[in-house]
Every structure is written in structure tokens, then in C-alpha cells.
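Student: Predicted coordinates and the sequence they were generated for:
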Amino acid sequence: MAKMLCVKILISVVVTFVIQGASAQEEWTTIGQGLCYKFDSEASDIEIKTYQRTNIEVNKNIRLMLCQTCHFSCLELIVSFIRFEYKIEGCSGYTRFSKDPPTELENIWRIGKTHGSIEIWCNGDKFLDYAFSSSTEEGCVDKWSEHTKFIKFGISDTMSDSFREITESSYCPETTVENSMNGSWLSLESHSASAAACPPYSALI
């Protein structure tokens, strides 16, 4: 009985830790253009909140820079809303997405980078799965496979409002932790503001 009680207490502690950790990671940070933020692209995805800007006629874009340091070795990913295109610096020119742009007033964009690819999601729908090896540009794989530890938003980024870091523990509206008693899984409700369908996190590892 005492052993069972200890196991239940342990599970309770683990569950509390995951929920508290997820809540901390899901706080939105208002973006300051040109500011540098510590962000490990190999350990986390980034979510970016955007709003429809009716007062902007040109240069509607997200300009995310992934950097090895705050001042050097940055690579830029651009999502342009004029023709709804993306550009991956050193890999591709401006290329049309295969889907139509989202029409919601508020949108949550999710970007996940690995050593071999980059994915772009919006409101739970996948818009891009780009393998660096598919590029005809020399040096694309070498550049984008580098481990980046900082991010910045370009000064001409007119769409990005705020961002947050997403790790595996705060990844989906449903998060799971292992139940050590019987090998089953406990299901936890997270406090995610974007409760849209989640892509498989393992695909971004």
C-alpha cells in the first residue's frame, strides 16, 4: 500500500511539472524588430502570431532570421503575403505555396527546423515541408544544417506580432507522460491557445 502511494505521488509530481513547464513555455513574447532572442531551433519549434493588416498594401511578410550568434551567421526565412510565397535564403527564390493563404483575422504560424528540412504550418495545416537536399543552390544543406541558437525578426517584418517557443512537453492540446505503474499513458490537457490539430512532433526531431 505504501509503495502504491509513493508511485501515485511520483506520478502526481511528474504531471504537475509537465503542466507548469508547458504553461511557462506558452507565454507570448511581443516582437521587437531587430532584437535578438535566445532560441535553440534544434530543441524547439517557434509559433508566430500574425494579424491581418488592412492598413498595409505592400511588403506584407514574416521575416524570421535564424542565427548562430546575435550578430553573425544568420539565415532568413520569408513568408510573403502579397503573392503568398516563401523564400529560404540560400536554398530557394520566392516560390508560391501550393495552398491558398489563411483567411482568419488572427493566425498562428508554426516553424520547425531540423538538420535536413524546414516545415511551416498555419492554424494546424501544413503549408510547407522543404528538404534542404532538394535545393539546386550550392551550399543550401551546409548552411541550413547548422545549429542555430538565436532568432531575430527583420526590420521589414510587418506581420509578426508575437512569438513563443514550443517544446515537446507543450506541443499539443493533449500532452502525454508515461505512467510508470503499468506502462500506459496519462493524457493531460494543456493550456494552448492554438488548439488546432497538431502535426506529429516526431517529424520535426
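Tutor: Yes, it's here. Numbering: from 1, shown residues only.
Student: which stretches of the chain have low pLDDT?
Tutor: 1-26, 54-58, 168-205 (pLDDT under 70).
Student: let's see it at 50
Tutor: 3, 5-24, 169-205 (pLDDT under 50).
Student: hey, where'd the strands end up in this structure?
Tutor: 29-30, 36-38, 45-51, 61-67, 74-80, 85-88, 95-96, 106-113, 117-122, 125-131, 150-153, 160-166, 174-178, 185-189 (DSSP state E).
Student: any chance of those strands in CSV, plus mean neighbour count and distance to K143?
Tutor: C-beta here means a position set from N, CA and C on the backbone, and glycine is covered the same way. Below are the strands of the chain laid out as CSV (neighbours: other C-beta atoms under 10 Å; distance: least, C-beta to C-beta, whole Å):
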stretch, mean neighbour count, distance to K143
strand 29-30, 10, 26
strand 36-38, 14, 19
strand 45-51, 20, 19
strand 61-67, 22, 10
strand 74-80, 20, 6
strand 85-88, 19, 10
strand 95-96, 12, 17
strand 106-113, 21, 12
strand 117-122, 21, 12
strand 125-131, 16, 13
strand 150-153, 22, 16
strand 160-166, 19, 22
strand 174-178, 15, 33
strand 185-189, 12, 38
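Student: Can you check which of those gets nearest to D142?
Tutor: Among the strands of the chain, strand 74-80 comes nearest to D142, with 11.0 Å by C-beta to C-beta.
Student: ends of stretch 32-39, how far apart?
Tutor: Length of stretch 32-39, first residue to last, C-alpha to C-alpha, to the nearest Å: 15 Å.
Student: what's the answer for stretch 71-85, then?
Tutor: 27 Å.
Student: returning to what we had before: now the strands of the chain as JSON lines including distance to G139?
Tutor: JSON lines is the format used below for the strands of the chain (distance: least, C-beta to C-beta, whole Å):
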{"stretch": "strand 29-30", "distance to G139": "32"}
{"stretch": "strand 36-38", "distance to G139": "24"}
{"stretch": "strand 45-51", "distance to G139": "24"}
{"stretch": "strand 61-67", "distance to G139": "15"}
{"stretch": "strand 74-80", "distance to G139": "11"}
{"stretch": "strand 85-88", "distance to G139": "12"}
{"stretch": "strand 95-96", "distance to G139": "18"}
{"stretch": "strand 106-113", "distance to G139": "17"}
{"stretch": "strand 117-122", "distance to G139": "16"}
{"stretch": "strand 125-131", "distance to G139": "15"}
{"stretch": "strand 150-153", "distance to G139": "21"}
{"stretch": "strand 160-166", "distance to G139": "27"}
{"stretch": "strand 174-178", "distance to G139": "38"}
{"stretch": "strand 185-189", "distance to G139": "43"}
